[in-house]
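A.B. asks: Structure of the sequence below:
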Amino acid sequence: INLPYNGLQGTIIWEISQLEWLKEIILSDNSLSGTIPPQLGNFASLKMLRIDGNDLININTGQAVPAELADVPSLDFLDIHDNN
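C.D. replies: Residues are numbered from 1 along each chain as shown. Sure, this is the predicted structure:
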């Protein structure tokens with residue numbers, strides 16, 4: 001999924017994690033808000049996650065990154081800068 005600078009609004013829905021075959025999720029520089037779904041930690045082959053330039057936060061911890069992302073064995077690149 002490659003959708004940077006598209007003016008997307010709303011939240012990242014947890015159902016995106018059901019697309020297990022995804023290798024890249026690029027949602028940079030949109031107007032996404034809310035939390036980063038912990039279900040993103042379920043990806044087995046995700047190599048790149050770019051969700052920088054939005055207004056995302058993990059309300060349970062006050063941190064932007066859910067701990068579950070550490071469980072993605074193939075994740076090589078994570079960019080979350082410039083979020084709330």
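
A.B. asks: Make sure residue 32 is indeed in a strand.
C.D. replies: Yes. Residue 32 sits within a strand when classified using DSSP: H, G, I helix; E, B strand; the rest coil.

A.B. asks: what's around it, how many residues?
C.D. replies: For residue 32, the count of nearby residues is 19 (other C-beta atoms under 10 Å). C-betas here are computed from N, CA, C, even on glycine.

A.B. asks: ok, it - contacts?
C.D. replies: For residue 32, the contact set (C-beta atoms under 8 Å, 6 or more residues apart in numbering) comprises 8-12, 51, 54-56.

A.B. asks: Burial check on residue 1, number of neighbours?
C.D. replies: So residue 1, with other C-beta under 10 Å, has 10 neighbours.

A.B. asks: before we move on, what about residue 52?
C.D. replies: 19.

A.B. asks: How about the secondary structure of it?
C.D. replies: From three-state DSSP, the assignment for residue 52 is coil.
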